[in-house]
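K.L.:
no FASTA, just this:
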């Protein structure tokens, strides 16, 4: 792992930090109640094996904008937190598969993304250190025999072709007890995974071939309401408003009225909240593929009219998600600007928090020098500098200001856990359906 | 927490590191099998809430010499590992008492030992950070109302008198769900704890009023044999030979023949092992109270005759353990010299490893400038400098030499976990008896 350390948390550039200070103070004051609340929830709802959560800190609110159940980027988190990851992996896998000594990571197919392979290599290293014999397999048809890849970090990685043997997935002579899915299934469930008898975690039913962001944020909203009663805040401070539309065809300009109508309603709702909390900012809406990831098919609009004025390039871009899937359903999400900046000249910074099991194990900032505060920082071709959190997210310091680094990271950890709990409820639902 | 960091692990001064390198290599090569083995054991045997293990590294063997189930010294472990402690506490207490939001630490009575109070304060801080409202109580009769104590670290601590309310222990208006015992019960189970209905962890039956070191090392021996088959080593490399004698009265010179006889046999056994492994060292035996702690009633002998030549001062010293209890039973343990030294001029260093639940969470070296390699480093009036482990014990690095710091710490972690597993079996036994 070859990363920069974060010696100072990014600065908040907004003057609107009053509500955030209030939020952070409320969380710090109620740490005991918060941990008890999470404990109670985790007792009945099993956490996903892992998750990464994109957060945005607007100064006046902190909210998740994406919850990824097949996270990459493990190479970007602070290597000092490896012991935390190991403990959490041991906690997780002891439950998932008590006798497993062999784990097979099923990686994405894009073997040309060396940064991604560096993440998978880091994940493999963590699993080995946790006491699990671990290999990495892919369903990439170009990988027909085990192959080594040199990585940017200087390490190398061996990729095995995923093979089927009766009702099990194997990698040559390696028959794993548990399959760790690190492929988000944007292109659907590979044939080779159908009716597999091994434990697959997280469940394939949570892949982007069937999961919807709007489903996630619906569950998140319910939890945010319950949580906000506990800590006595307006749930809006931690919850991005959203709406969704089905049957959209950007190329054929179908569904534009639904989109424009919902953009208008959503902007109105945000404006009301801005007024209520005296926030002097211009509302905007982010439109994304409801199923999908990697920031493809994402755009920012500031008025319903924007929808009718999309040019061909924009419509083409919105028409395809990762894996070339047509976008038919979209989520319209309240734009939460990032008011955190780092360095001089100031660069926009967006926190990403990682969980393994129910434990926050680190995170990093995506630092981007060429993007605005209200733009998507995870778009195709985007270059960002990872900036590892220097502090873990579970050691707030009551003697420090509510926005001091360890306390801000605690807040991030709480919101990220809330999003992970929502994902855990999604898993519970699909498991219930398949049972 | 105000401690020195360990930037370099102590050096091994012995030339006899061949077997140790072999041991460390065996452990590193079989990490997967070792972790699987522990996993299997922890599934049927619940770990104690916490433990600290005194280890000795002789170059030719690494062995536990004491396993403490009511550990002090939390103020000596590296504060960088607080996140590890927090994760482990959360894992532990979620099981012990899922709904507990309130923990009462029942501390030792000696309120004049500020270093000890610093340890309890650190423990309290870790519990609070884990999301548990935590107070500290004592049965010290001098504490009749809550009192603040200033600590060497600059912090302060509030001690509450332990109070009984029906069948519960409370601290004023604080009614805990779980009692965390940090009193080793050398003076017996305080009246106030009789027939308490709350969960008490670790179980009082493991206090030094009833637990015997020989019982612990008997269980440890069995586990060491099983473990050694797994990693293909002579169990002696990780197990200190021992014998025990009952009905000893040092003042009245009763039981001397039993002692001398067993010293002779034990020395003979050690000599055989030294010959077998070509170890050029003089065997010695350490005699300790079989029940007890704090290094009172400990002495080193090199021949059976030493037993008959004890002077009055030595006999007096051996006659009392902590809390003034008469020593009737003793354990005779193979002396494992400490060949680790630190600094210039070289000072003897003895590792102490801490576990919470089944996780190693750190440790420190007792560094002592005025003691020999074969002396007890935890004797009354002993001054030592704590030297916190700079690295955790769960991240061995296969690319480094087997005795490189992270790998040596991994070895320490494995042996400490083996001793903790033995303690867990003791707990299982007493729980079975009381059920």
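P.N.:
It's in. Small disclaimer: the values here were computed from a predicted structure and weren't measured.
K.L.:
so where's chain A shaky on pLDDT?
P.N.:
Under the criterion of pLDDT under 70, the regions of chain A flagged as low confidence span A:1-9, A:13-20, A:96-100, A:292-297, A:320-327, A:370-383, A:434-435.
K.L.:
tell me where the stretch 51-200 of chain A has strands.
P.N.:
Ranges of strands in the stretch 51-200 of chain A, per DSSP state E, counting those that start in this stretch, are A:62-68, A:102-107, A:133-138, A:147-150, A:156-161, A:163-165, A:168-170, A:178-182, A:199-201.
K.L.:
for residue A:420, find the nearest of those strands.
P.N.:
strand A:62-68 (7.0 Å; CB to CB). To be clear about C-beta, it is placed using only N, CA and C from the backbone, and glycine gets the same treatment.
K.L.:
before we move on, the earlier item: so which of the strands of the stretch 51-200 of chain A is the most packed in?
P.N.:
A comparison of these by mean neighbour count, using mean count of other CB atoms under 10 Å in any protein chain shown, puts strand A:102-107 on top with a mean of 25.
K.L.:
can you list the residues of the stretch 301-435 of chain A near chain B?
P.N.:
A:359, A:392, A:394, A:395, A:396 (CB under 8 Å from any CB of the partner chain).
K.L.:
so which residues of the stretch 201-350 of chain A form helices?
P.N.:
A:213-231, A:256-276, A:305-308, A:312-319 (DSSP state H, counting those that start in this stretch).
K.L.:
ignore what I typed, I meant the stretch 51-200 of chain A.
P.N.:
A:82-96, A:114-129.
K.L.:
touching chain B at all, the shortest one?
P.N.:
Right, helix A:82-96. Yes - against chain B, helix A:82-96 shows contacts by CB under 8 Å from any CB at A:82, A:83, A:84, A:86, A:87, A:88, A:90, A:91, A:94.
K.L.:
identify, from these, the entry nearest to chain B.
P.N.:
Nearest to chain B among the residues of helix A:82-96 next to chain B is residue A:83, at 4.0 Å by CB to the nearest CB.
K.L.:
I'd assumed residue B:85 was in contact with the closest one.
P.N.:
No - Residue A:83 is beyond contact range of residue B:85, at 10.8 Å (criterion: CB atoms under 8 Å).
K.L.:
residues contacting residue A:399?
P.N.:
By CB atoms under 8 Å, 6 or more residues apart in numbering or on different chains, the contact list for residue A:399 is empty.
K.L.:
again, but for residue A:262
P.N.:
A:243, A:244, A:245, A:332.
K.L.:
so what pairs up with the last one in the strands?
P.N.:
Which is residue A:332. Beta-bridge partners of residue A:332, counted by DSSP bridges, are residue A:243, residue A:287.
K.L.:
residue A:308: how many residues sit nearby?
P.N.:
12 (other CB atoms under 10 Å in any protein chain shown).
K.L.:
cool, and the one 10 residues further on?
P.N.:
A total of 21 residues lie near residue A:318 under the criterion other CB under 10 Å.
K.L.:
excluding chain neighbours, what is closest to it?
P.N.:
residue A:250 (4.4 Å; CB to CB, 6 or more residues apart in numbering or on different chains).
K.L.:
kindly report the same for residue A:63.
P.N.:
Nearest non-adjacent residue to residue A:63 (CB to CB, 6+ apart): residue A:240, at 4.5 Å.
K.L.:
ok, now residue A:176?
P.N.:
Residue A:176 sits nearest to residue A:104 (CB to CB, 6+ apart), 3.8 Å away.
K.L.:
isn't that neighbour right next to residue A:169, touching?
P.N.:
Yes - between residue A:104 and residue A:169 there is a contact under CB under 8 Å: 6.6 Å.
K.L.:
which residues of the stretch 51-200 of chain A lie near chain B?
P.N.:
Going by CB under 8 Å from any CB, the residues of the stretch 51-200 of chain A near chain B are A:80-84, A:86-88, A:90-91, A:94, A:98-99, A:101, A:128-133.
K.L.:
before we move on, the earlier item: would you reformat the helices of the stretch 51-200 of chain A as a markdown table and include mean neighbour count?
P.N.:
A markdown table is the format used below for those (neighbours: other CB atoms under 10 Å in any protein chain shown):
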| stretch | mean neighbour count |
| --- | --- |
| helix A:82-96 | 23 |
| helix A:114-129 | 22 |
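K.L.:
tabulate the ones you listed (a markdown table), appending distance to residue B:223.
P.N.:
Shown next, in a markdown table, are the helices of the stretch 51-200 of chain A (distance: least, CB to CB, whole Å):
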| stretch | distance to residue B:223 |
| --- | --- |
| helix A:82-96 | 19 |
| helix A:114-129 | 23 |
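K.L.:
how near is residue A:55 to residue A:302?
P.N.:
22 Å (CB to CB, to the nearest Å).
K.L.:
so between those two, which is more surrounded?
P.N.:
Ranked by neighbour count (other CB under 10 Å), residue A:55 and residue A:302 place residue A:55 first, with 24 against 14.
K.L.:
over to the nearest residue to the more buried one once chain neighbours are set aside: give its phi and psi.
P.N.:
In space, residue A:55 comes closest to residue A:351 once its chain neighbours are excluded; the distance is 4.7 Å by CB to CB, 6+ apart. Backbone torsions of residue A:351, given as degrees, to the nearest 10, read phi -80, psi 140.
K.L.:
so what's the residue count around the closest residue to chain B within the stretch 51-200 of chain A?
P.N.:
As assessed by CB to the nearest CB, chain B sits closest to residue A:131 within the stretch 51-200 of chain A, at 2.2 Å. Neighbour count of residue A:131, defined by other CB under 10 Å: 23.
K.L.:
gap between the biggest helix by length in chain A and the chain center?
P.N.:
Using DSSP state H, we find that the single longest helix of chain A is helix A:405-434. Here helix A:405-434 is found 10 Å from its chain centre; the criterion is CA atoms, centre = their mean, to the nearest Å.
K.L.:
which helices and strands does that helix pack with?
P.N.:
helix A:18-29, helix A:31-44, strand A:50-57, strand A:62-68, helix A:213-231, strand A:347-356, strand A:359-368 (3 or more CB pairs under 8 Å, 6 or more residues apart in numbering or on different chains; DSSP states H and E).
K.L.:
of all the ones you listed, which lies closest to residue B:183?
P.N.:
helix A:31-44 (24.6 Å).
K.L.:
quick one: residue A:136 from residue A:161, how far?
P.N.:
From residue A:136 to residue A:161 the distance is 11 Å (CB to CB).
K.L.:
who touches both of the two?
P.N.:
The contact lists of residue A:136 and residue A:161 share residue A:171, where a contact means CB under 8 Å, 6+ apart.
K.L.:
please point out which parts of stretch A:38-57 sit buried.
P.N.:
Applying a neighbour-count criterion of 16 or more other CB atoms under 10 Å in any protein chain shown, the buried positions in stretch A:38-57 are A:38-39, A:41-42, A:46-57.
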